[in-house]
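Student: Sequence and predicted structure, then a few things I'm wondering about:
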Amino acid sequence: MGISDTPRGMERSSTDLEATPVKGIMRTPPTALLRRLRRILSLDDFEVAARRHLPRPIFGYVSGAAETNASLRDNRSAFEEFGFVPRVLIDVSRRAQKVELLGRTYPAPFGIAPMGISALSAYRGDLVLAQAAGQANIPMVMSGSSLIRLEEVVKANPAAWL
């Protein structure tokens, strides 16, 4: 199978790769997606779903960390030291998570980090990530080991970084 071939079960229409204008960073998901996300109650649930969906070597590549996983364990440990205190009936309508980065304002303080050969985990994965980042107006960094030409990614999202 060549790079541009569609993997079995991952057929896409041309409209799947077209940017859809959205307001803010949220849009109403299609009913089929809502049905698939019904059992996702936490970030860890995505890993369980991905393990069932992806071929084993691709799941291992996506879910794994570098070398001995030491930085992954350290990061998880550091984040486990923090907790959220729910505050109900507090007006948050004027709060914003905006952040300015390199002269551009983004609505959220995060983006999409580079992931090598993301086309293995989703059909033309770098384009999907670039378009999603563009629609959400968040930074996206393309990996140097992308299987998609840089020119195609820039066409999908001119603000994407390499």
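Tutor: Done, it's in. This is a predicted model, so every value here is computed, not measured. Residues are numbered from 1 along each chain as shown.
Student: Going by C-alpha atoms from here, please, whenever you check contacts or count neighbours.
Tutor: Fine.
Student: Could you list the domains of this protein?
Tutor: Domain assignment for the chain by automatic domain parsing gives 29-65, 101-162.
Student: Please report the distance of the residue lying closest to V62 once chain neighbours are set aside from R51.
Tutor: Sequence neighbours aside, S121 is the residue nearest to V62 in space, at 7.8 Å (criterion: CA to CA, 6 or more residues apart in numbering). Distance of S121 to R51, given as CA to CA, to the nearest Å: 12 Å.
Student: ditto for D45
Tutor: D45 is 10 Å from R51, by CA to CA.
Student: same thing with V141?
Tutor: On the measure of CA to CA, V141 and R51 end up 25 Å apart.
Student: just R95 next, same as before
Tutor: Distance from R95 to R51, by CA to CA: 36 Å.
Student: quick revisit: spit out the residues that contact S121 and R51 alike.
Tutor: Common neighbours of S121 and R51, counting by CA atoms under 8 Å, 6 or more residues apart in numbering, are F59.
Student: Next one: the residue nearest to A96 when sequence neighbours are not counted, what pLDDT does it get?
Tutor: Closest residue in space to A96, ignoring its immediate chain neighbours: P107 at 7.5 Å, by CA to CA, 6+ apart. For P107, the pLDDT comes out at 92.
Student: swap in the one 10 residues further on?
Tutor: Predicted confidence (pLDDT) for I117: 84.
Student: Quick check: closest non-adjacent residue to it.
Tutor: That would be S146: by CA to CA, 6+ apart, it lies 4.9 Å from I117.
Student: Just give me the neighbour total for that neighbour.
Tutor: 20 (other CA atoms under 10 Å).
Student: just T31 next, same as before
Tutor: Neighbour tally, T31, other CA under 10 Å: 9.
Student: Could you measure from it over to A49?
Tutor: Counting by CA to CA - T31 and A49 are separated by 18 Å.
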